[in-house]
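**Q** whatever this is, show me its structure:
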Amino acid sequence: MATANLEERIKLYQTYDLWHENLDTLATMRRSQPQNSRASQQLGQLLQSVKLDPSIGQQPLLGIQTLTSRR
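**A** Numbering: from 1, shown residues only. Model prediction:
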């Protein structure tokens with residue numbers, strides 16, 4: 001897993017039904033590749049599969065700023 005890229009991780013998480021990890025990886029991909037429409041689509045499909053609003057996958061994602069980076 002340590003050597004897998006984001007797309008490979010997504011496939012592995014889907015295979016083993018690890019949707020929390022898949023959600024995190026898709027969100028990471030969306031933040032790092034905002035023009036990647038496939039990531040948005042996959043995020044929407046994942047949200048729908050767990051009975052959440054798939055349109056959330058189309059919304060802009062915010063990065064997390066740590067306290068130490070606010071100096």
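
**Q** every contact and neighbour count from this point should use C-alpha atoms.
**A** Fine.

**Q** which residues of the chain fall in helices?
**A** Along the chain, counting by DSSP state H, helices occupy 6-15, 19-32, 37-49.

**Q** possible to save those as TSV with distance to I56 and mean neighbour count?
**A** Below are the helices of the chain laid out as TSV (distance: least, C-alpha to C-alpha, whole Å; neighbours: other C-alpha atoms under 10 Å):
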stretch	distance to I56	mean neighbour count
helix 6-15	18	15
helix 19-32	11	18
helix 37-49	7	18
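
**Q** with distance to Q59 and mean pLDDT added, can I get these in a markdown table?
**A** Shown next, in a markdown table, are these (distance: least, C-alpha to C-alpha, whole Å; pLDDT from 0 to 100):
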| stretch | distance to Q59 | mean pLDDT |
| --- | --- | --- |
| helix 6-15 | 20 | 87 |
| helix 19-32 | 10 | 86 |
| helix 37-49 | 9 | 86 |
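
**Q** can you add distance to S55 and give those back as TSV?
**A** Formatted as TSV, these follow (distance: least, C-alpha to C-alpha, whole Å):
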stretch	distance to S55
helix 6-15	19
helix 19-32	14
helix 37-49	6
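
**Q** between those helices, which one is nearest to P60?
**A** helix 19-32 (8.4 Å; C-alpha to C-alpha).

**Q** other SSEs contacting the closest one?
**A** helix 6-15, helix 37-49 (3 or more C-alpha pairs under 8 Å, 6 or more residues apart in numbering; DSSP states H and E).

**Q** chain center to the last one, what's the gap?
**A** Relative to the chain's own centre, helix 37-49 is displaced by 8 Å; criterion: C-alpha atoms, centre = their mean, to the nearest Å.

**Q** how about that helix as CSV, C-alpha atoms only?
**A** The C-alpha trace of helix 37-49 is given here as CSV (Å, rounded to 0.1, in the frame of the first residue of the first chain):
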residue,chain,number,x,y,z
SER,A,37,-13.5,15.2,-13.4
ARG,A,38,-13.1,11.5,-12.8
ALA,A,39,-12.2,12.0,-9.2
SER,A,40,-15.4,14.2,-8.8
GLN,A,41,-17.5,11.5,-10.4
GLN,A,42,-16.0,8.7,-8.3
LEU,A,43,-16.5,10.8,-5.1
GLY,A,44,-20.2,11.3,-6.1
GLN,A,45,-20.7,7.6,-6.7
LEU,A,46,-19.1,6.7,-3.4
LEU,A,47,-21.3,9.1,-1.5
GLN,A,48,-24.4,7.8,-3.3
SER,A,49,-23.4,4.2,-2.4
